[in-house]
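Engineer: here is a sequence together with a model predicted from it:
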Amino acid sequence: MTDRALPCCESGVTLKIIPCHDHFSLIHSPMHTSLTFLSALKVHHTYLSQKATSSVSFSTHAHLKVRTCSSRADGPQIAVVGGGVVGLVSALRILQDIPTSKVVVIAEKFGSDTTSHGAAGVWGPYKMSNTDESLTNRLATETFDYLTDLFYSEDAVLAGISLVQSNYLCKDNDPPPTWYQSVFNLHPMSAKHLSLFPAEYKHGYVFGNVTCEGRYYLPYLSDKIKGTDRGTLIQARLPSLRALCSEFMTASGIPYELKFDAVVNCCGLGAAELVEDREVYPIRGQIIRVRAPWITHHYVAGDFYIIPNRNSVVLGGTGQVGNWSKNSSIQDRKHIFEGCCRLIPSIAQAEVLEEWVGLRPGRSSLRLEVEIMDVGEGGRKPVVHCYGHGGSGLTLAWGCGGDVVTMLKQSLQLL
């Protein structure tokens, strides 16, 4: 990876691009030396709709090449690669915890095009492969505490946060995973409670949990990032981290050149191409959304789960390692629906709203580390890698974002 170059930071004035009209924009210098109208040129500027809807909308102005440089005195300029929940949370935490920073989120996909958007969002580590259990538990607990605090704030509705009772059914009397220590009021199911379910489930656990719906949470995060006036979102496809070098910016479709002090890589499955990581693989998930407002609890039994969301109930699921197909499978649909109906028979009366398939970013283990890259002429830049979350992106994101900030501060000597 040492052959992938990143740009060196140069001193200079930071230019702020302010979208004003479909046909012109303002370029404002903090030195107040000029205010220029650029007619008939367009700046590719990504912004999010102010609605808490299920999609992210973009406004595209034409292509304008503007070189912007961040001096060390103005604070570090950070590129975050990846528009899913981990990338957006990392960007927000950088902006909050490094107040002088400027953050540019670069991603090929935002909003409804991401796997995070389709997630039902119930908290709980899932498909983490060989990731160290103590690391998973710490990151998951930090995220659980943050999400429950968010529920008790005025932002709960915008962020798509709800509290829910989780019911885990087991065929064997296995102890609960250690991450159950993070949740509210964990206790075994009573015999009376267990008698309501199919006879093969001999044991179970009940606890208070939290859900975070991606279709609301992603726009919420994006609005928070933009609201700082130091955060920008750019939709572009990067063939490699080398594309972040200034000489490659135009060829990569990024509309203006930036000089980054560090890069945060939250590209998920994209790591297979972006950093040539051969340990990355897809975990295919298929779900069914139904209208069943009478179901208000969360149920898990083996491969099957039922998750209440704000306007639907999610039925799942599949966890097919190595399957790249994003097409809905009739066989999987039948398997999911019949299995969930065995748990809660009234689901058979529910109206089917939609089916969805997403590819979770699996990896041999979570990659959360700093790599110092040679960038030529004796320069070195930190790259914080944060990907390989399996089915736990929403569950681990806030905790991971905190570690990303710590690694950046250490690497940039800001501590």
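Structural biologist: Sure thing, it's come through. Numbering: from 1, shown residues only.

Engineer: which residues of the stretch 301-415 of the chain fall in strands?
Structural biologist: For the stretch 301-415 of the chain, the strands defined by DSSP state E, counting those that start in this stretch cover 304-308, 313-316, 320-321, 351-363, 367-376, 379-387.

Engineer: any idea of the pLDDT on the residue nearest the centre of the chain?
Structural biologist: Nearest to the centroid of the C-alpha atoms of the chain, with distances taken as CA atoms, centre = their mean, sits Val85, at 1.3 Å. Among the per-residue scores, Val85 shows a pLDDT of 98.

Engineer: repeat that for Pro175.
Structural biologist: Per the predicted model, pLDDT is 85 at Pro175.

Engineer: check the gap between it and Leu186 for me.
Structural biologist: Using CB to CB, to the nearest Å, Pro175 is found at 11 Å from Leu186. Where C-beta positions appear, they are placed from N, C-alpha and C, glycine not excepted.

Engineer: between those two, point out the one with more neighbours.
Structural biologist: Leu186 (16 against 9; other CB atoms under 10 Å).

Engineer: got the contact list for the more buried one?
Structural biologist: Contacts for Leu186 were tallied using CB atoms under 8 Å, 6 or more residues apart in numbering; they are 176, 180, 205-207.

Engineer: quick check, nearest of those to Glu371?
Structural biologist: Closest approach to Glu371 among the contacts of Leu186 (CB to CB): Tyr180, at 33.8 Å.

Engineer: the closest one in helix, strand or coil?
Structural biologist: helix (DSSP: H, G, I helix; E, B strand; the rest coil).

Engineer: one more: Lys224?
Structural biologist: Secondary structure for Lys224, judged by three-state DSSP, is helix.

Engineer: find the nearest non-adjacent residue to it, please.
Structural biologist: Using CB to CB, 6 or more residues apart in numbering and skipping residues adjacent in sequence, the residue nearest Lys224 is Leu92, 5.4 Å away.

Engineer: surely the one you found meets Gly401?
Structural biologist: Yes: judged on CB atoms under 8 Å, Leu92 makes contact with Gly401 at a distance of 7.1 Å.

Engineer: give me the more crowded residue out of those two.
Structural biologist: Using other CB under 10 Å as the criterion, Leu92 and Gly401 rank with Gly401 on top: 29 against 24.

Engineer: tell me how far the residue lying closest to the more buried one once chain neighbours are set aside lies from Leu150.
Structural biologist: Once flanking residues are discounted, Gly401 sits nearest to Arg93: 3.8 Å by CB to CB, 6+ apart. The gap separating Arg93 from Leu150 is 14 Å, by CB to CB.

Engineer: now Asp74
Structural biologist: From Asp74 across to Leu150, the span is 31 Å (CB to CB).

Engineer: between those two, which has more neighbouring residues?
Structural biologist: Taking neighbours as other CB under 10 Å, Asp74 and Leu150 compare with Leu150 leading, 20 against 16.
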